[in-house]
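**Q** Predicted model and sequence follow; I will ask about them next.
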Amino acid sequence: MNWWKGSKVKINNGVALSGCTTFKIGGRAEFFCRPKDEEELKLLINLAKRYKIKFLVIGAGSNILVSDKGVKGLVVRLGAPDFKRISLRGNLLTAGSGCSTGQLLQFCARHNLSGLEFLAGIPGTLGGNLAMNAGTRGDSIGASLISCRVMDASGRTKTLKTGRIKFGYRSSSLADYIILEVRLRLTKMPGAGIRERLKEYMDRRRATQDLTHPSAGCVFKNPEGDFAGRLIDACGLKGKRVGGASISKRHANFIVNLGKARSADVLKLMGLAKREVKRKFNIALQPEIKIWN
Ligand code: EPU
């Protein structure tokens, strides 16, 4: 079905999503598009609505497990330069949602802006990180937000101020929107100090996490008052392998792709960790990663 015929958008069929995720797992997207600007994004939303095509946005693919069977519908990636602009007024930074963590942190260090160093090593796009309120134990990105510009399911744009957005632990009320642009309040600090903090965060991460194999970071949310990693570890599951996937030997809340892991391998390991933690501690772990199938 050539539902986009006559429009100027460029749609690709059957793009392998394994190349678009940090897990390096996933089948093909039925339709895939990288709109060049907001106008094209709006057009895509409206076409998908008219032809009843499922619409999914992928950021850096760092927090998803895509089924080996692939996904039906249209997967959209906001990777064009228009979605990656960054500007600065005083200590107020405005950035496109498609900016990667690396791009953002480099800009901040160059412009003596502190406040986002805790994101060092968290892969993702700014939009994805804000939507899930990414962060560490003490910090999360929602705390720096002033406002964001979003597009709704009808292609209308609006600006939401921070007071109108609910942020929770690894969650926000932004899930129904496509985030376009984010405005953050940061703090002035000499670049050398910022680089030092970035290094500290990275060193801590390297010491405790497996950053050498493909993964989606932490698989489960931390339950209230405890840590998913500690619980899975206490069940003796570190290093447990199914097919090409393994519960990391370094951090039990990481599942790593040792080479040819399939989504079913990861799901089996998640099921095992959930069951064992429930049996031993009576705690129901909730996934942090999103499952696309
Ligand atoms: N622990 C174990 N065994 C393990 C792993 C952890 O006993 O295999 C213990 C640690 O010793 C520590 C506690 O569990 O006492 C917490 O571990 P850690 O400090 O590694 O932090 P975390 O809660 O597991 C969180 C975020 C990470 C983020 C780190 C940065 C969640 C689910 N995870 O991990 O985020 O990088 O803090 O400090 O909130 C992600 O979201 O993808 C992610 C990796």
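**A** Cool, the structure landed.

**Q** What does the residue lying closest to V75 once chain neighbours are set aside show for phi and psi?
**A** Once flanking residues are discounted, V75 sits nearest to A29: 4.0 Å by Cβ to Cβ, 6 or more residues apart in numbering. Where you see a C-beta, it was placed from the backbone N, CA and C, and this is true even at glycine. A29 adopts backbone torsions of phi -90, psi 130, taken as degrees, to the nearest 10.

**Q** For the chain, what lies in contact range of the ligand?
**A** 136-137, 205, 208, 217-218, 221-222, 227-230, 233, 251-253, 288 (Cβ under 6 Å from any ligand atom).

**Q** In the stretch 1-150 of the chain, which residue sits closest to the ligand?
**A** Residue of the stretch 1-150 of the chain nearest the ligand, by Cβ to the nearest ligand atom: T136 (3.8 Å).

**Q** who are the neighbours in contact with that residue?
**A** Going by Cβ atoms under 8 Å, 6 or more residues apart in numbering, T136 touches 118, 201.

**Q** could you redo the last one with a cut-off of 10 Å?
**A** Shown in contact with T136 (Cβ atoms under 10 Å, 6 or more residues apart in numbering): 117-122, 201, 204-205.

**Q** And the pLDDT at it?
**A** pLDDT for T136: 87.

**Q** Repeat that for D82.
**A** D82 is assigned a pLDDT of 98 by the prediction.

**Q** Look up the closest residue to it, ignoring the ones flanking it.
**A** Sequence neighbours aside, D37 is the residue nearest to D82 in space, at 4.3 Å (criterion: Cβ to Cβ, 6+ apart).

**Q** do you know how far the one you found is from M151?
**A** 12 Å (Cβ to Cβ, to the nearest Å).

**Q** Compare these two (neighbour count), which wins?
**A** Neighbour totals were compared for D37 and M151, and M151 leads with 19 against 13 (other Cβ atoms under 10 Å).

**Q** and the more buried one, what does it touch?
**A** 38, 41-42, 45, 57, 97, 157-158, 177-180.

**Q** Over to the closest residue to it other than its chain neighbours: give its phi and psi.
**A** Once flanking residues are discounted, M151 sits nearest to I178: 4.5 Å by Cβ to Cβ, 6+ apart. Phi and psi for I178, reported as degrees, to the nearest 10, are phi -100, psi 120.

**Q** what does R279 give?
**A** Listed backbone geometry of R279 is phi -70, psi -40, with angles given as degrees, to the nearest 10.

**Q** that older thread, could you measure from the residue nearest to M151 over to the ligand?
**A** 22 Å (Cβ to the nearest ligand atom, to the nearest Å).

**Q** Test my guess that K221 contacts L231.
**A** No. If you go by Cβ atoms under 10 Å, K221 and L231 don't touch, sitting 11.6 Å apart.

**Q** Of the two, give the one with the bigger neighbour count.
**A** A direct count of neighbours by other Cβ under 10 Å for K221 and L231 places L231 higher, at 23 against 16.

**Q** give the contact list for the more buried one.
**A** By Cβ under 10 Å, 6+ apart, L231 lies in contact with 220, 222-223, 237, 252-253, 273, 276-278, 280-281, 283, 285.

**Q** let's go with 7 Å and repeat that
**A** 277, 281, 283 (Cβ atoms under 7 Å, 6 or more residues apart in numbering).
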